[in-house]
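> 3D model of this:
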Amino acid sequence: MRPAANTGMINSLRLGASISLIALILLCLAWETVLAPFKPNGSLLILKTLPLLLPLFGILHGKRYTYQWASLFILFYFMEGAVRAWADVGLSAQLALMEVVLTLVFFLCAIYYAKLTRKP
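The predicted structure is shown next:
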């Protein structure tokens with residue numbers, strides 16, 4: 001059995017990962033549709049949101065394996081955010097920085113969740 005303090009930490013990490021993933025999905029949708037799309041009428045970059053839906057069910061249900069692979073998967077979004085924060089200007093650069101922050105929060109929550117939920 002896990003100590004109560006550990007259970008509270010696990011629940012906090014699960015909540016942090018869930019919120020940051022949902023926020024990243026919403027950010028990507030808003031970014032590529034209305035806030036600062038790559039092209040004025042929108043572009044196919046909105047499709048970058050679809051892969052974020054793959055781990056959503058497992059993250060929301062606390063599946064350890066999903067946390068493990070999603071922590072590596074999210075690094076692609078970190079790289080995209082870092083490159084666009086450096087290369088873009090204005091609102092797009094600010095949205096890219098938000099993407100970097102959300103991916104870092106998700107990454108940290110996911111790796112610590114996976115660590116704390118491993119079997120002894």
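
> I'd like the C-alpha coordinates of stretch 17-34 written as CSV, please.
Only the C-alpha atoms of stretch 17-34 are listed here, as CSV (Å, rounded to 0.1, in the frame of the first residue of the first chain):
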residue,chain,number,x,y,z
ALA,A,17,-0.9,16.2,-16.4
SER,A,18,-4.5,16.1,-17.3
ILE,A,19,-5.0,19.9,-17.1
SER,A,20,-1.8,20.7,-19.0
LEU,A,21,-2.7,18.2,-21.8
ILE,A,22,-6.2,19.6,-22.2
ALA,A,23,-4.9,23.1,-22.1
LEU,A,24,-2.3,22.2,-24.8
ILE,A,25,-5.0,20.7,-27.0
LEU,A,26,-7.1,23.9,-26.7
LEU,A,27,-4.1,26.1,-27.2
CYS,A,28,-3.2,24.3,-30.4
LEU,A,29,-6.7,24.5,-31.7
ALA,A,30,-7.1,28.2,-31.0
TRP,A,31,-3.6,29.1,-32.2
GLU,A,32,-4.0,27.5,-35.6
THR,A,33,-7.6,28.5,-36.2
VAL,A,34,-8.2,32.1,-34.9
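
> And residue 38, how close does it get to residue 88?
Distance of residue 38 to residue 88, given as C-beta to C-beta, to the nearest Å: 10 Å. Bear in mind the C-beta positions are built from the backbone N, C-alpha and C, glycine included.

> Helix or strand next in line after the helix or strand of the chain with the lowest mean pLDDT, which one?
Taking mean pLDDT, DSSP states H and E as the measure, the chain has helix 4-30 as its least confident helix or strand, at a mean of 93. Per DSSP states H and E, the first helix or strand lying C-terminal to helix 4-30 is helix 50-53.

> Please identify the buried residues of that following helix?
Going by neighbour count (16 or more other C-beta atoms under 10 Å), the buried part of helix 50-53 is residue 52.

> can you list contacts of the helix or strand following that helix?
Next along the chain after helix 50-53, taking DSSP H and E as the criterion, comes helix 56-60. Residues outside helix 56-60 that contact it (C-beta atoms under 8 Å, 6 or more residues apart in numbering) are 14, 17-18, 21-22, 25, 65-67, 70, 110.
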